[in-house]
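Engineer: Kindly return the folded structure for what I paste below:
(chains A and B)
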2 protein chains.
Amino acid sequence: MVSCSKERLQEKIQTFSTFGDTGNKGITRLCFTEPNLKAREEFTSRCKALGMEVKTDDLGNIYATLKGTEDLPAISMGSHLDSVIKGGNYDGVLGVLTGLEVAETIVKENIKTRHPITVIVWTNEEGSRFPPAMMSSGILAGKFDEETMMASKDKDGVTFKEALEASGYKGDRANRLNDKEYKAFFELHIEQGPVLETEKMDVAVVEGVVGMVNYEIKTRGQANHAGTIPMPMRKDALYAMTWIIEYLHDELSKLDSKLVYTTGEFSGAPNVHTVIPDHVRITLDSRHQDPEVIKQVVEVIKRIPEVVRECPVAYREQWARDTVDFKADMVDIVEAGAKAYNYSYKRMYSGAGHDAQYIADMIPSTMIFVPSISGFSHCEDETTPFDQCWKGCNVLLQSVLTLDQQ
Amino acid sequence: MVSCSKERLQEKIQTFSTFGDTGNKGITRLCFTEPNLKAREEFTSRCKALGMEVKTDDLGNIYATLKGTEDLPAISMGSHLDSVIKGGNYDGVLGVLTGLEVAETIVKENIKTRHPITVIVWTNEEGSRFPPAMMSSGILAGKFDEETMMASKDKDGVTFKEALEASGYKGDRANRLNDKEYKAFFELHIEQGPVLETEKMDVAVVEGVVGMVNYEIKTRGQANHAGTIPMPMRKDALYAMTWIIEYLHDELSKLDSKLVYTTGEFSGAPNVHTVIPDHVRITLDSRHQDPEVIKQVVEVIKRIPEVVRECPVAYREQWARDTVDFKADMVDIVEAGAKAYNYSYKRMYSGAGHDAQYIADMIPSTMIFVPSISGFSHCEDETTPFDQCWKGCNVLLQSVLTLDQQ
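Structural biologist: Presented below is the predicted three-dimensional model:
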């Protein structure tokens, strides 16, 4: 059975790790910055060298296509080349490079596919320079208002539109991914969690992306002097919030064991060592594949007392996202690919968001995960061994070739 | 029995409330800013109009003195004219204006005192422009290194030394308060807490200033993606810290009921809604008049487990301050003053720091508190009714006159 080249894939990963190298194992490759443009240039020139036709759409998404033998829509795959600040060498770029390696294998092994094969680079997935994340796939899928996105600014006040136009990658709107010219989309990605490594699995067959809900919760106390107010007369917004965090963990831990919940943001005022906290704010991010469990989370939030430890409590939903279920036949193709190579695998939902979840609104899409050592991601220590990258790449190759026969 | 004039005192408070008026009931009168200089000028000219001799020392502290009939050291009283940002019309300034009203009463009532009577304005008590608080009394008492204090900078980079020299209030070092020329010091101040109001007391006879200890406590978790890490695999620094805050409240509430403790500062990183908190830091400020109770607080801190909810814990003492006990005969004089007017009073320790606690190292000192409505201080809502200010002023007058006979 045909396989990709581990050596070629390793060379690709190592070469691309030089674009935005932080000198500390990681990279910083924000959207349309010089390191990002260098990575795009390297990708484009390698695709052209393989005989692929390269075009871009009006959002700077790159589509590199190998011709097929029949007049059919393209089978596509890919991910993104931008990173977070001090990110790693696998998040996003691995989905692009495994796509490139699949194309290279098809060319080098002289495999004739019925469908065109397209490798896609999505623009600004991380949203680290121009919020929000998954911007260009979100625009394609109609999730975001295009004008608002064009006006998104980086910390220096440069808009996404300005950076896009200056990049040289702004192409024709007619080139956007659509359901006439594209048959399906595969995205290989690192897991960004510890499950595959812990369970000693080679790959994950990704069934979908979990839904989430994000709440803001606030307590209002009474700022006052730390030395002069007897304890029973205090309204301490932080002490009220610790009750709420304990309550949330106690109650949410009773729900389904796959539920995850995170109080990631926390701030307050006046934040002075001699003053009783006046008000405190946290966010609660909660994710599960079953919308019923998310409803249960909201019920738990709604059962927070109106006044906790003398402090009034307020909460509101900031946003929510429905679970995306990938099409069963796409998921089955990936599973068959893993089985074909005799790789261990696990079916799972993605806890993180990915471009594939928006693309799934337009054409059949699914994902393949490879293990993240220690679950690290969005940091310089982010690692997936080359052998594991290669196994994922083989599953991607097999999935594309299987679908090509359908 | 002689009394001060309520009308005159009210006029003083109202006039001084115009210096740095925020337009929202409060004032901002940072050390050596224009509003502070205007208040100093008004104080100085009123003292001179009463026939007082006015001099300043090399820290800009103002000493305004009425001559006595005998060659004796002066009985002094006063407080400060600087404020916090958006502070109120009573903290500090009331101690200066009641001192001025006592002097005016002595002049207008033609009372002949054996001792000179001095009203003092301490420079930079709040430390809001130039940290730390109680700077000039602390320098006099040898608590602070003078050179370090001179180099203290405001947010624009101006040093205390530069502002002092530009103020026109820098005088002779020989004019500093000392135990040869000064017999005693009284400081009238607002309580800055709710106890007097709650217990319907006119004044507090202040026995001392409570000791305190300030600890920093840190938890170290592992930042990771909010969506991809199963709950049992997390190291959440905030969830660990909520355990510690609960533990501290549970254990400290078992100690003496007069103990106060405050987790006023709290911060952490990366503080992103989609990331598990990596590390969190709080401060614990704890105060009690009995050093044994403060030792018990430290024991409670030392019993925090080394690892809480998978997160290593670190703590260290940031600073500590011993309890200051005012001299019993000084405290008794104030109590006798309250009794003389038939005012209700309570003996108590100050939970907040004041210049008097440093001056007490040099000469016999004590304090008088008047009620703070709702316990508010360091805010624009800070209020003490004029009638209560006047009662405190009478106790101050009586205390000075009583001591003058000793």
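Engineer: how about A:Pro371, what does it touch?
Structural biologist: A:190-191, A:196-197, A:201-202, A:384-385, A:388 (C-beta atoms under 8 Å, 6 or more residues apart in numbering or on different chains). In short, each C-beta sits where N, CA and C put it, glycine included.
Engineer: give me the beta-bridge partners of the nearest residue to A:Met367 once chain neighbours are set aside?
Structural biologist: Nearest non-adjacent residue to A:Met367, counting by C-beta to C-beta, 6 or more residues apart in numbering or on different chains: A:Val206, 3.8 Å away. With DSSP bridges applied, A:Val206 shows beta-bridge pairing to A:Met348, A:Met367.
Engineer: Could you count how many residues lie near A:Val206?
Structural biologist: A:Val206 has 27 neighbouring residues, counting by other C-beta atoms under 10 Å in any protein chain shown.
Engineer: That one contacts A:Phe326, correct?
Structural biologist: Yes. Applying C-beta atoms under 8 Å, one finds A:Val206 in contact with A:Phe326, separated by 6.7 Å.
Engineer: what do these two both touch?
Structural biologist: Counting by C-beta under 8 Å, 6+ apart, the contacts common to A:Val206 and A:Phe326 are A:366-367.
Engineer: circling back: what residues does the residue nearest to A:Met367 make contact with?
Structural biologist: Listed by C-beta under 8 Å, 6+ apart, the contact set of A:Val206 reads A:326, A:331, A:334, A:347-350, A:366-369.
Engineer: Restricted to buried residues, select those in ChimeraX.
Structural biologist: Applying 16 or more other C-beta atoms under 10 Å in any protein chain shown to those, the buried members can be selected in ChimeraX as follows:
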select /A:326,331,334,348,349,350,366,367,368,369
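Engineer: do you know how far the spatially closest residue to A:Asp355 that is not a sequence neighbour is from chain B?
Structural biologist: In space, and not counting its chain neighbours, A:Asp355 is closest to A:Ser137: 3.9 Å by C-beta to C-beta, 6+ apart. The gap separating A:Ser137 from chain B is 17 Å, by C-beta to the nearest C-beta, to the nearest Å.
Engineer: Am I right that A:Ser137 falls within a helix?
Structural biologist: Yes. According to DSSP: H, G, I helix; E, B strand; the rest coil, A:Ser137 belongs to a helix.
Engineer: how about A:Leu284, secondary structure?
Structural biologist: Applying three-state DSSP: A:Leu284 is strand.
Engineer: Report how many residues lie close to the closest residue to it other than its chain neighbours.
Structural biologist: Distances taken as C-beta to C-beta, 6+ apart put A:Tyr215 closest to A:Leu284, at 4.7 Å, once the chain neighbours are dropped. The local packing of A:Tyr215 (other C-beta under 10 Å) involves 23 other residues.
Engineer: wait, what's in contact with the residue nearest the centre of chain A?
Structural biologist: Among the residues of chain A, the one closest to the centroid is A:His354, at 3.5 Å (C-alpha atoms, centre = their mean). Contact partners of A:His354, counting by C-beta under 8 Å, 6+ apart, are A:79, A:125, A:134, A:187, A:189, A:209, A:367.
Engineer: Against chain B, how distant is the closest residue to the fourth one other than its chain neighbours?
Structural biologist: Beyond its immediate neighbours in the sequence, the residue positioned closest to A:Glu187 (C-beta to C-beta, 6+ apart) is A:Ala356, lying 4.1 Å away. A:Ala356 is 14 Å from chain B, where distance means C-beta to the nearest C-beta.
Engineer: still on that earlier bit, what's the closest of the contacts of A:Val206 to chain B?
Structural biologist: A:Ser350 (7.5 Å; C-beta to the nearest C-beta).
Engineer: In this structure that closest one contacts A:Phe369, no?
Structural biologist: Yes. Counting by C-beta under 8 Å, A:Phe369 is a contact partner of A:Ser350 at 7.3 Å.
Engineer: returning to what we had before: out of the contacts of A:His354, list just those in strands.
Structural biologist: Those of these mapping onto strands are A:79, A:187, A:189, A:209, A:367, per DSSP state E.
Engineer: Switch the residues you listed over to CSV; also include pLDDT.
Structural biologist: CSV is the format used below for the ones in strands among the contacts of A:His354 (pLDDT from 0 to 100):
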residue, pLDDT
A:Ser79, 98
A:Glu187, 98
A:His189, 98
A:Val209, 97
A:Met367, 98
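Engineer: And for the residue in the stretch 301-406 of chain A positioned nearest to chain B, the neighbour number?
Structural biologist: With C-beta to the nearest C-beta, the shortest gap between the stretch 301-406 of chain A and chain B falls at A:Gly351, namely 3.1 Å. Using other C-beta under 10 Å, A:Gly351 is surrounded by 23 other residues.
Engineer: One more: the one 5 residues further on?
Structural biologist: In terms of burial, A:Ala356 registers 29 neighbours under the definition other C-beta under 10 Å.
Engineer: likewise A:His249?
Structural biologist: 17.
Engineer: residues in contact with it?
Structural biologist: Counting by C-beta under 8 Å, 6+ apart, A:His249 touches A:261, B:239.
Engineer: helix or strand right after the helix or strand that contains it?
Structural biologist: Assigned by DSSP states H and E, A:His249 belongs to helix A:237-252. Using DSSP H and E, the next helix or strand after helix A:237-252 towards the C-terminus is strand A:260-262.
Engineer: which strands and helices sit next to that next one?
Structural biologist: The helices and strands touching strand A:260-262, judged by 3 or more C-beta pairs under 8 Å, 6 or more residues apart in numbering or on different chains; DSSP states H and E, are helix A:237-252, strand A:279-288.
Engineer: circling back to that earlier point, okay, the helix or strand hosting the residue nearest to A:Leu284 in PDB with CA atoms only?
Structural biologist: For A:Tyr215, the enclosing helix or strand under DSSP H and E is strand A:211-220. Only the C-alpha atoms of strand A:211-220 are listed here, as PDB (Å, rounded to 0.1, in the frame of the first residue of the first chain):
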ATOM      1  CA  GLY A 211     -20.500  23.100  21.000                       C
ATOM      2  CA  MET A 212     -19.700  25.700  23.600                       C
ATOM      3  CA  VAL A 213     -21.200  28.400  25.700                       C
ATOM      4  CA  ASN A 214     -19.300  31.300  27.200                       C
ATOM      5  CA  TYR A 215     -20.700  33.200  30.200                       C
ATOM      6  CA  GLU A 216     -19.500  36.300  32.000                       C
ATOM      7  CA  ILE A 217     -20.100  36.300  35.700                       C
ATOM      8  CA  LYS A 218     -19.700  39.300  38.000                       C
ATOM      9  CA  THR A 219     -19.900  40.000  41.700                       C
ATOM     10  CA  ARG A 220     -20.300  43.400  43.200                       C
END
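Engineer: ok, that strand: who's next to it in the sheet?
Structural biologist: The strands that strand A:211-220 pairs with in its sheet are strand A:279-288 (antiparallel), strand A:311-321 (antiparallel) (by DSSP bridges).
Engineer: for those strands, which one ends up most surrounded?
Structural biologist: strand A:279-288 (a mean of 24; mean count of other C-beta atoms under 10 Å in any protein chain shown).
Engineer: between that one and helix A:237-252, how many degrees?
Structural biologist: 20 degrees (axes from the mean of the first three to the mean of the last three C-alpha atoms, to 10 degrees).
Engineer: Contacts for the helix or strand following strand A:279-288, please.
Structural biologist: Toward the C-terminal end, the helix or strand that comes next after strand A:279-288 (DSSP H and E) is helix A:291-302. By C-beta under 8 Å, 6+ apart, the residues outside helix A:291-302 that reach it are A:211-213, A:215, A:217, A:248, A:251-252, A:255-256, A:258-259, A:261, A:284, A:286-288, A:315, A:317, A:320, A:322-323.
Engineer: ok, now stretch A:377-385?
Structural biologist: Residues outside stretch A:377-385 that contact it (C-beta under 8 Å, 6+ apart): A:22, A:24-26, A:84, A:86-91, A:94, A:190, A:192-193, A:352, A:370-374, A:376, B:223-225, B:228, B:275.
Engineer: Give me the subset of those residues lying in helices.
Structural biologist: Residues of those located in helices (DSSP state H): A:Leu94.
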